[in-house]
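J.: Predicted model follows, preceded by the sequence.
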Amino acid sequence: YDDLLNQKPEIIVKAMKGKWGYCVPQKNKLYFNPKLVHYPKEVIDYVILHEYTHLKIPNHSREFYKFIEAVMPNYREYIKYLREH
């Protein structure tokens, strides 16, 4: 996954309902909800990591979450926070 660090995607902030972010790997674009700025930094970091990882793994497979966990072992608490707030 070293090549993932070399990705330079276009970052777009876009108002969305029901999503914190999404990725279009084919176009090398990441979209983020502007409402994220009101959340704790760690939660924002999780959303960025989640979408950035989709540049390499475009699904929510076991491999995807294994990579997320390797980078951010406590990612589940941020998912919980997003669901509760």
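T.: Thanks, I have it. Because the structure is a prediction, the values reported are computed rather than measured.
J.: max-length helix in the protein?
T.: Secondary structure assigned by DSSP state H gives helix 41-53 as the longest helix of the chain.
J.: Need the CA coordinates for that one. PDB is fine.
T.: Extracted C-alpha coordinates of helix 41-53, given in PDB (Å, rounded to 0.1, in the frame of the first residue of the first chain):
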ATOM      1  CA  LYS A  41     -10.300  15.800  14.800                       C
ATOM      2  CA  GLU A  42     -10.000  12.100  15.300                       C
ATOM      3  CA  VAL A  43     -13.400  11.500  13.700                       C
ATOM      4  CA  ILE A  44     -12.400  13.700  10.700                       C
ATOM      5  CA  ASP A  45      -9.200  11.800  10.400                       C
ATOM      6  CA  TYR A  46     -11.200   8.500  10.300                       C
ATOM      7  CA  VAL A  47     -13.500   9.800   7.500                       C
ATOM      8  CA  ILE A  48     -10.400  11.000   5.500                       C
ATOM      9  CA  LEU A  49      -8.600   7.700   6.000                       C
ATOM     10  CA  HIS A  50     -11.800   5.800   5.000                       C
ATOM     11  CA  GLU A  51     -12.300   7.700   1.700                       C
ATOM     12  CA  TYR A  52      -8.600   7.800   0.900                       C
ATOM     13  CA  THR A  53      -8.400   4.000   1.300                       C
END
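J.: which other helices and strands contact that helix?
T.: strand 21-24, strand 29-32, helix 62-71, helix 75-84 (3 or more Cβ pairs under 8 Å, 6 or more residues apart in numbering; DSSP states H and E). For the C-beta atoms, the positions are set from N, CA and C on the backbone; glycine is no exception.
J.: Please work out how many residues are found near P40.
T.: Per other Cβ atoms under 10 Å, the neighbour tally for P40 reads 11.
J.: and the gap between it and E77?
T.: As for P40, its distance to E77 is 11 Å (criterion: Cβ to Cβ, to the nearest Å).
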